[in-house]
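1. One predicted model, sequence on top.
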Amino acid sequence: MNCNDVKPGLRVKTTELGDTRGMTIVEKHLKVREEGVTGTITRHVPGHGGDVWFVRHDNSENVGAYSIDEMEPV
């Protein structure tokens, strides 16, 4: 996905996860990251130039942080 394609409310499915080194995000958002999860984009992660977004997982209260190359629209 392109940074310009990602917006709050977009439905996505997470794909292969990459490395989180360099992500300055609260640990609780990193440890819930999962491949193959569907969810909804809530907002961008400040300080990451629009490349990292919060995704609220379906059927869960978890909100994970994902890079734009770790998700695809559904």
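-> Cool, the structure landed.
2. which residues sit against stretch 38-56?
-> 3, 6-14, 23-25, 29, 37, 57-58, 62-68, 71, 74 (Cβ atoms under 8 Å, 6 or more residues apart in numbering). Where you see a C-beta, it was placed from the backbone N, CA and C, and this is true even at glycine.
3. Quick one: buried ones out of those?
-> Among the contacts of stretch 38-56, those buried by neighbour count (16 or more other Cβ atoms under 10 Å) are 6, 10, 12, 14, 23, 25, 29, 37, 57, 62-68, 71.
4. What about these, which are in strands?
-> Val12, Thr14, His57, Val63, Gly64, Ala65, Tyr66, Ser67, Met71 (DSSP state E).
5. so what's the second one bridging to?
-> Okay, so that is Thr14. Note on Thr14: beta-bridge partners Met71, judged by DSSP bridges.
6. Please apply the same query to the fifth one.
-> Residues in a beta bridge with Gly64, per DSSP bridges, are Val55.
7. Now the most centrally placed residue in the chain: closest residue in space that isn't a chain neighbour?
-> By Cα atoms, centre = their mean, the chain has its centre lying nearest to Tyr66, at 2.8 Å. Nearest residue to Tyr66, sequence neighbours excluded (Cβ to Cβ, 6 or more residues apart in numbering): Val55, at 5.4 Å.
8. The one you found: how many residues sit nearby?
-> Using other Cβ atoms under 10 Å, Val55 is surrounded by 28 other residues.
9. Repeat that for Ile41.
-> Neighbours of Ile41 (other Cβ under 10 Å): 20.
10. Repeat that for the one 4 residues further on.
-> By the other Cβ under 10 Å criterion, the neighbourhood of Val45 contains 19 residues.
11. can you check Thr40 too?
-> By the measure other Cβ under 10 Å, the count of residues near Thr40 is 16.
12. helix or strand for it, which one?
-> Using DSSP states H and E, Thr40 sits within strand 38-44.
13. Determine how far stretch 34-49 lies from the middle of the whole chain.
-> 2 Å (Cα atoms, centre = their mean, to the nearest Å).
14. Report the two of the ones in strands among the buried ones among the contacts of stretch 38-56 separated the most.
-> His57 and Ser67 (16.0 Å; Cβ to Cβ).
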